[in-house]
Structures are given as structure tokens and as C-alpha cells.
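Q: Model the structure of this input:
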Amino acid sequence: MTLQQLHQRIGRVQRASANLERSLIRADRIADMCGHPDQEEHARWALHLRGNLRENFTELHGLEARLPTPELLSAREYDRMLMLGMTIEAAEAGRVQAYRQAAHDQRYQHAA
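A: Residues are numbered from 1 along each chain as shown. All right, here's what the predicted structure looks like:
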């Protein structure tokens, strides 16, 4: 899965979660209304929605954990430069540069 596909999947799961949350709020409100004819049905429906929402959040956290962080990218760059035979100082400079670039890219994506 490419980074773009990962972001798209995260967006889809977030939108689905938002829809489930709105449905859950409605179901809870009806389930809490005394004397409403569909009170029990909505209480059961709210339990079902909570389970779906829990699954969505579990999937969302798993997808977000796959996003590359500046720390991860900079560590990979450091290891790559050492494997290429660079000095420790050069590898450290590459690590710092990769961290700064990844942090800049991450800020740019959040701003968009």
C-alpha cells in the first residue's frame, strides 16, 4: 500500500466513524427517552453501533501506526548511510536532514 493509498484509507475510515458516531448519538437519545415506542430497539441498535465503532477505531489506529514518522524515517536514513560505508558523522548529518525534511513534510500535509 502506498502512502497515498494509506492516507485515503485513513480518510475513509474516519468518515465512516463519524457517520457511526452520529447514528450512535441518535440511537442513544431515543433509547434514553422514557415511553418511546422504539426504545428497546434503539438500545439494541446502539450496542451494535458501538461494536462497529470500536472496530473502526481499531482499524484506524492500526492504519495510523503504519504512517512513517520523522523519527522512523531519520533512523532508516542513518542506517542506510552506515550500510553504504559513510562515516558516523555523515550518517548523523543525513539522519538530521531526513528528520527535518520529514517533519516539514508532515507539517505541510496537516496544513493542507
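
Q: Now do the SS call for the spatially most distant residue from the centre of the chain.
A: Of all residues in the chain, G35 sits farthest from the chain's C-alpha centroid, using CA atoms, centre = their mean; the distance is 40.1 Å. Reducing the assignment to helix, strand or coil with DSSP: H, G, I helix; E, B strand; the rest coil, the entry for G35 is coil.

Q: Ramachandran angles for it?
A: When read as degrees, to the nearest 10, the backbone of G35 gives phi 80, psi 0.

Q: Number the chain from 21, please
A: Sure, I'll start numbering at 21, so the last one becomes G55.

Q: where along this structure do the helices fall?
A: Taking DSSP state H, the helices of the chain run over residues 23-52, 59-85, 90-103, 108-131.

Q: Any stretches of the protein with poor pLDDT?
A: In the predicted model, the chain carries pLDDT under 70 at residues 128-132.

Q: can I see the domain layout of it?
A: With automatic domain parsing as the criterion, the domains of the chain are listed as 23-85, 90-131.

Q: mind listing what the residue nearest the centre of the chain touches?
A: The chain has E84 as the residue nearest its centroid, 3.2 Å off, counting by CA atoms, centre = their mean. By CB atoms under 8 Å, 6 or more residues apart in numbering, the contact list for E84 reads I30. (C-beta placed from N, C-alpha, C; glycine too.)

Q: repeat that with 6 Å
A: Contacts of E84 were listed using CB atoms under 6 Å, 6 or more residues apart in numbering, and none were found.

Q: how close does it get to E41?
A: Relative to E41, E84 is positioned 17 Å away (CB to CB, to the nearest Å).

Q: Kindly report the same for M21.
A: The value you get for M21 to E41, if CB to CB is used, is 26 Å.
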